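**Q** 3D, please:
(chains A and B)
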Amino acid sequence: MKQYLFGASALVAALALSTAARADGGYFEGVKGAHASGRGGAFTARADDISAVELNPAGLTHIDGTIVTIGNRFSYNQRTFERNPTLDWAHPSTTGAPPYVTFPKVKNRAPWQVLDPIVGVASNFGLHDWAFGFAVFSPAGTAREDYPSDGGQRYMMTRRNAQMIDYNLSAAWKYHELFGLGASLQWLAVPTLEYGLIIDGDPLAKAGNPVTSDYDIHATVKGRDLFTLNPILGAWVRPTPSLEIGLSGQVLPSQINAKSKLAVNFVTPKLGDSIQLTRNNAPADDVTLSLPLPMTARLGARYRYLDGDREVFDVEVDGVYETWSRVKRFRLDSNGIVAYYSMQPVNVGVIDIAKNWRDTFGIHLGGDVAIVPKRATVRAGVYYETPVGDASYSNIDFNDGPEFGGAIGGSVYIGKVELAAAAEYRAQTTVYVADSDARVYQQVPGSGCKAPYTDAGTCNAHYLGMPAPPVNGGTYNAYSVVASFEATYRF
Amino acid sequence: MKSALRVIALGSTLVTLGCGDEAKSFAPSDVKAAANPNVATLTQFTWTTSAPSIGYVSYGLTSSLGTTSAPEKTSATTHQLSVYGLKPNTEYYYQVVTWDGHDAGESAIQTMTTGATPSAVPAFTVTGDTSENGMDELLLLPVTAGANPVVVVVTPSGQVLWYHVESRRRSVTRARFSNDGKSVLYGAIDAGGDSEIVRVALDGSNQSAVSVKNLGADFFELANGNYAAIVADSRDSGGKTLRGDKIVEVTPSGMPTDVVSMWSCFDPTKFPGDGANGEWTGADALYVNEGTSTTDESDDVFYLGLRDLSTVVQVARQTAKCDWVLGAAGGTLSFVTPTDAFAHQGGMALSGSAVLVLDADGSAATSRAMQYTLDLNAKTATTSWSYVPASPVQVSSLGAVSALTGKRWLVNWSNAGKLELTDDASHVLWSLTAPQGSAFGYHVRTDSIDAPENKP
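**A** Model prediction:
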């Protein structure tokens, strides 16, 4: 007994020092699985379905026998952005007055996400103290965003398409009903990672085109990274029959490095002027897009109200800590590509989209009530997550602000089949960024303006102190409506 | 259970705290517009901003606005901006736009109504091209259409941006922008001797004057703040009192100092001129080259047009002598084409090595505009351009010629009340005409009324 307790304590300490599983902020939104979603993500301690492979692998030991689960998550993910009005210094009137330009609100034109499945199997293979699981799913989140290439957001992003698939293989062991340990090896494959934005290709010094440029170039990076590994560790402990504590974590830092192709085209085609990408005087378009992944720690505690051995209801509260501060920037490294147009070479260099994200903390509260024993269960939950981004670095590509949400769900049990469903509403509170606070700047690779950006000879007089016009000032709103369905067959 | 409720309460609190980032307002406040009581075409806009900013005004006859003022040049929190040239008795829509170096703001669209212009302000008729290939500059121009002369700033399309009525009905032959760009100066000539150089603020805020006894037709504001002016210099000659002319420098307080008198250059017994009623030299045009120094006036060079001697002279301030003479009164430079010699010329301007004059009587058929290229070594004046109007014009006084870029010349036909822009093929590109009976004084050109120049 002592040795098991020692082992559990060591795991808890390791998780506390490192951090853990797939995050539900930053790139990702919410959790996968109808049970977890219906409880507002408060599932680390309970973790008694296939989603345990990610949320707490040790929870697999709560599953008796063998289950096969298939489900899908439908979501409507709306994001809007209304850029602040600005003055178009590049196109003044005859009196020298720059036009006051307002920008219509833009919306995500690809809000529906209908294919977001989860498939998994878990079994103890007849072993009382062991459990194993295998699941394939895509992480919960908004895979696609699409905005007009002439919208106010275009210097931040026009399109994002991140298709990710997690393959999880897990094993768990428990000591009676006292505690359990588990581990998952998660293989993250990114078959498609696409990111597009408009850059100002103005090759002239002191370029300052905050609204539109004759040299607006639509730059799209499309690539893949099929192999990134994430180990996840988990544990639970039940000091009393009514109290259960769960802990899990993704313990190693990792990063998506997508080998990609860069495509560039003038937004307004110029007669006889195309863009040639070269490296060492030979055609080249290969670039690397790097996206760091966070480490995450989940700690949950749940109270179980028991009627004999039967759990009547439970209430769980989880805290989730995510190390998004690893994400300082999205970096596109052209590895020395030079773009030729208008008979001038422009070094593409390294394009950094500043993020400066910070670690987040989320609190999740949820629970189940068995309204008809062995026939029907209802569940609900709420949560709040601190903002991942400083508002100054807000961007349309991911939700940077504080997020909150609520969910309801339930299960019906028909023989050996459980049908579970959940509905979740998730929203980011309105984020407003004044242009004076904005720190995401237009990408102007041809600019000669260098830090500290105060040289009036190379920097635009209206944007001294800045590398280029700021482009992320505005009002951000985001919400998602999620419906999750799952069918589980228990052998 | 109690613990669970506490957790719910904590979660609710966190959600509440996370809400409510409000958009900041950078809109200007306390935005007002008022037609200037002294200049009905001038409207002054005022507003305040919470942070130092620059701004401008968009305005127009509909809520679509369409026209903008020039932006302010310096940041402030309290703003006043003048817009010139609004139509009289007209309702305008306007809106103020601000920029604090980062954030832009705009006011709501408001309306205001301009006042009425006095009847002395003429309506001009314009023909031709007002693009950069035609006439593309503003003109500061004295106009005498009735009893009260008026000084106007007029656009190429004939719109009066600014005006000032000489309410004392004194003769106005010359107007210039002040060196600081904030005022218009004009010479108010009174036959009774009550002549002044009047300074009128462009923003209509104030008016002052410097008394200059016997002020002539032209003056010039020097860089040191004094005025160089033509004044009468009457002396006895052969028992008759002749009115010659001299150049004086007048301080802002009105203290005159003689610079040079034409009596020191010409002898009336040799060059009697053909002025009437005791007029001798008939100086009516002054041009000053201030040299490289803007504070030391000792290297100034003056050019004086002597209408009744049909002569133009150059006088160096240091020597107070006539360096060269072009014209009938003992010219030290000779006309390469004698029939091109001018007579009773009006305004005179220098353009590089060329002299431009409005030749009133050099040709019997009509007055004409002449440009002579001077070769001081060869002591010659070669006609390098001339313009004869399609219909004869007889200029009785004043008149002027300006050389513009792109081989364009602006001819001021003075008492004909007409300005013409012509090219080197004598095509009339543009013309501006005042009502019948009007006469123009000397004009200057400028690109902007907000930062005016005195282009001859």
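**Q** Tell me the residues of chain A that contact chain B?
**A** Within reach of chain B by C-beta under 8 Å from any C-beta of the partner chain, chain A has these residues: A:84-87, A:93, A:95-100, A:303, A:315, A:317, A:363, A:365, A:367, A:382-384, A:386-387, A:391, A:401-404, A:429-432, A:434-436, A:438, A:462, A:470, A:473, A:475. Any C-beta I mention is one placed from the backbone N, CA and C, and that applies to glycine too.
**Q** make it 6 Å
**A** Proximity of chain A to chain B, by C-beta under 6 Å from any C-beta of the partner chain, involves residues A:85-87, A:93, A:95-97, A:100, A:315, A:317, A:363, A:365, A:382, A:384, A:402, A:404, A:429-432, A:434-436, A:475.
**Q** Do I have it right that B:A188 meets B:E196?
**A** Yes: proximity of B:A188 to B:E196 meets the contact threshold set by C-beta atoms under 6 Å, at 5.0 Å.
**Q** Show me where the stretch 1-150 of chain A has its strands.
**A** A:66-83, A:86-87, A:100-101, A:106-107, A:112-113, A:117-123, A:130-137, A:144-146 (DSSP state E, counting those that start in this stretch).
**Q** Out of these, indicate the one that is most buried.
**A** Using mean count of other C-beta atoms under 10 Å in any protein chain shown, the stretch among the strands of the stretch 1-150 of chain A with the largest mean neighbour count is strand A:86-87, at a mean of 25.
**Q** That one pairs with which strands?
**A** Here strand A:86-87 has these sheet partners by DSSP bridges: strand A:100-101 (antiparallel).
**Q** So what touches the partner strand?
**A** A:85-86, A:88, A:211, B:97, B:104, B:106 (C-beta atoms under 6 Å, 6 or more residues apart in numbering or on different chains).
**Q** now do stretch A:394-411
**A** Residues from elsewhere that reach stretch A:394-411 (C-beta under 6 Å, 6+ apart): A:34, A:37-38, A:40, A:81, A:153, A:156-157, A:160, A:377-389, A:418, A:420-426, A:428-429, A:431, A:433, A:440, A:472, A:476, A:478, B:15, B:18.
**Q** do stretch B:398-416 as well
**A** Against stretch B:398-416 from outside (C-beta under 6 Å, 6+ apart): B:173, B:346-347, B:351, B:356, B:358, B:369, B:393, B:395-396, B:419-424, B:439-440, B:442-443, B:456.
**Q** Same question for stretch B:179-186.
**A** B:151, B:172, B:175-176, B:178, B:197-202, B:221, B:451-452.
**Q** and the end-to-end length of that stretch?
**A** 13 Å (C-alpha to C-alpha, to the nearest Å).
**Q** for A:Q428, what are its contacts?
**A** So A:Q428 contacts A:399, A:401, A:403, A:478 (C-beta under 6 Å, 6+ apart).
**Q** give the contact list for whichever residue of the stretch 151-300 of chain B sits closest to chain A.
**A** Closest to chain A within the stretch 151-300 of chain B is B:T155: 11.6 Å, counting by C-beta to the nearest C-beta. The neighbourhood of B:T155, defined by C-beta under 6 Å, 6+ apart, consists of B:L138.
**Q** what do you get if the cut-off is 8 Å, keeping everything else the same?
**A** B:85, B:130, B:138, B:161 (C-beta atoms under 8 Å, 6 or more residues apart in numbering or on different chains).
**Q** Would you mind measuring from the first one to B:T130?
**A** When you say that, I think you mean B:G85. 14 Å (C-beta to C-beta, to the nearest Å).
**Q** where does chain B have low pLDDT?
**A** Regions of chain B meeting the criterion pLDDT under 70 cover residues B:1-24, B:293-294.
**Q** Try it again at 80.
**A** Across chain B, residues meeting the criterion (pLDDT under 80) sit at B:1-25, B:146, B:193, B:291-297.
**Q** residues bridging contact with B:A188 and B:E196, i.e. touching both?
**A** What both B:A188 and B:E196 touch, as defined by C-beta under 8 Å, 6+ apart, is the set B:170, B:209, B:215.
**Q** In those, which residue is surrounded by the most others?
**A** B:L215 (29 neighbours; other C-beta atoms under 10 Å in any protein chain shown).
**Q** Quick one: residues contacting the closest residue to that one other than its chain neighbours.
**A** Once flanking residues are discounted, B:L215 sits nearest to B:S195: 3.6 Å by C-beta to C-beta, 6 or more residues apart in numbering or on different chains. Applying C-beta under 8 Å, 6+ apart to B:S195 gives the contacts B:170, B:187-189, B:211-215.
**Q** any idea how far A:V221 is from B:S195?
**A** B:S195 is 77 Å from A:V221, by C-beta to C-beta.
**Q** Next: B:D274.
**A** Distance, B:D274 to A:V221, by C-beta to C-beta: 86 Å.
**Q** Mind checking which of these two has more residues around it?
**A** Under the neighbour definition other C-beta under 10 Å, B:D274 and A:V221 were set side by side, and A:V221 has more, 23 against 15.
**Q** Grab the nearest non-local neighbour of that one.
**A** A:S260 is the one closest to A:V221 (C-beta to C-beta, 6+ apart), at 4.6 Å.
**Q** Could you check the pLDDT of that neighbour?
**A** With respect to pLDDT, A:S260 scores 93.
**Q** now do the one 5 residues further on
**A** The confidence metric pLDDT takes the value 89 at A:N265.
**Q** Now do the strand or helix carrying it: which elements does it pack against?
**A** Here A:N265 is covered by strand A:254-266, with elements defined by DSSP states H and E. Of the remaining helices and strands, those touching strand A:254-266 by 3 or more C-beta pairs under 8 Å, 6 or more residues apart in numbering or on different chains; DSSP states H and E are strand A:179-200, strand A:216-240, strand A:286-293.
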